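>>> with the sequence up front, the predicted model follows.
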Amino acid sequence: MRLTSVIVGTAFLFAGAGLARAQEANDQLSALQIAVACAPPPFYAAPPAANTRHVIGAQDTVPRSLYNQLDTLVIDGGTAEGLALGQRYFLRREGNNASTNPHESHSVQTAGWIRIIAVNKTTAIAAVDHACGPILQGDELAAFAEPVLPAGIDKDETTGEPDFAKPAHVVFGSRDQQNAGVGDFMLVEGGAHDELAPGRHVAFYRDVTPWWSSNEPDIVSGTLPVASVAEGVVVSAGPVLALVRITSGHDAVTVGDLVVPRK
């Protein structure tokens, strides 16, 4: 990978107060909104579109490919690609974790979000509003939207009966994690996704069928022995994935655990 270090001077439209405005804008998000924005979005990684823009470097005299919230980033696109002063973008990349489906689909990681503070026809300069973790050379720009939090996202609700007829499965944790605890997020795949709409409360269970068992377990008929692990709430949902926040639990939620919506 080519390391890029850029010092940019003239021929730029420049927002001199961009760094201050970036911090002010980020302060408008609650701590929970920031956590949701940093969580993996509810869709699989896909090949980038032809017009996708990327981080190609930083305004620094030292070439490097790892950046943080204090860096001013250089983007490989400008006004010719529709970039303009004040625009905000997520920075995202494909995760290293693959789901258990036959296509080996990968999650999407959110490195943070940025604001365009200077731009010319071919290149843009961006301030980092927030870094969720390391920002890497090659991270892709994606449309930014402030997270909309469903009601009850911060509450532990266990009053509804679990509907074992429509189980889903945990496929990803944030940042390639296989396990997660209270307050963390997991991506869920499978089941009837109209039952995993934002705001829906769910229960996490674990299959405890002995490895030596020759029986054909079936969670719907009740022949699959399961142990309760945790409770959660759906934060956002895509076509085949849902993002769930863990609200309580007595064990870590693990990739492969069952997710059962509450009626």
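Great, that's in hand.
>>> for Trp147, list the residues it contacts.
That one is not Trp; residue 147 is Pro. With contact taken as Cβ atoms under 8 Å, 6 or more residues apart in numbering, Pro147 is in contact with 29, 33, 36-37, 235-236. Quick note: C-beta positions are derived from backbone N, CA and C, even for glycine.
>>> and of the residues you listed, the nearest to Ala145?
Ala37 (8.8 Å; Cβ to Cβ).
>>> the closest one: what's its closest spatial neighbour, skipping adjacent residues?
Pro147 (5.1 Å; Cβ to Cβ, 6 or more residues apart in numbering).
>>> one step back: please tabulate the contacts of Pro147 in a markdown table, including the columns pLDDT and distance to Ser105.
Listed next are these as a markdown table, based on pLDDT from 0 to 100; distance: Cβ to Cβ, whole Å:
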| residue | pLDDT | distance to Ser105 |
| --- | --- | --- |
| Leu29 | 92 | 29 |
| Gln33 | 96 | 27 |
| Val36 | 96 | 22 |
| Ala37 | 97 | 22 |
| Val235 | 95 | 20 |
| Ser236 | 94 | 18 |
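>>> secondary structure, distance to Glu81 and neighbour count added to these, as TSV?
Shown next, in TSV, are these (DSSP: H, G, I helix; E, B strand; the rest coil; distance: Cβ to Cβ, whole Å; neighbours: other Cβ atoms under 10 Å):
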residue	secondary structure	distance to Glu81	neighbour count
Leu29	coil	27	17
Gln33	helix	28	16
Val36	helix	28	22
Ala37	helix	24	21
Val235	strand	31	23
Ser236	strand	28	22
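>>> which of those residues lies closest to Val202?
Val235 (11.0 Å).
>>> just grab the bridge partners of the nearest residue in space to that closest one that is not next to it in sequence for me.
Leaving aside its sequence neighbours, Val235 sits nearest to Leu243 (Cβ to Cβ, 6+ apart; 4.7 Å). Beta-bridge pairing of Leu243 under DSSP bridges involves Leu187, Ser236.
>>> from Leu70, how far out is Leu243?
To Leu70, Leu243 is 29 Å away according to Cβ to Cβ, to the nearest Å.
>>> who has more neighbours, these two?
Between Leu243 and Leu70, Leu243 has the larger neighbour count (other Cβ atoms under 10 Å), namely 25 against 10.
>>> name the strands paired with the top strand by length along the chain and say parallel or antiparallel.
Taking DSSP state E as the criterion, the chain has its longest strand at strand 106-119. With DSSP bridges as the test, strand 106-119 is paired with strand 13-14 (antiparallel), strand 88-98 (antiparallel), strand 124-131 (antiparallel).
>>> with distance to Thr209 as extra columns, can I get the contacts of Pro147 in JSON lines?
As requested, those are arranged in JSON lines below (distance: Cβ to Cβ, whole Å):
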{"residue": "Leu29", "distance to Thr209": "43"}
{"residue": "Gln33", "distance to Thr209": "40"}
{"residue": "Val36", "distance to Thr209": "34"}
{"residue": "Ala37", "distance to Thr209": "38"}
{"residue": "Val235", "distance to Thr209": "30"}
{"residue": "Ser236", "distance to Thr209": "32"}
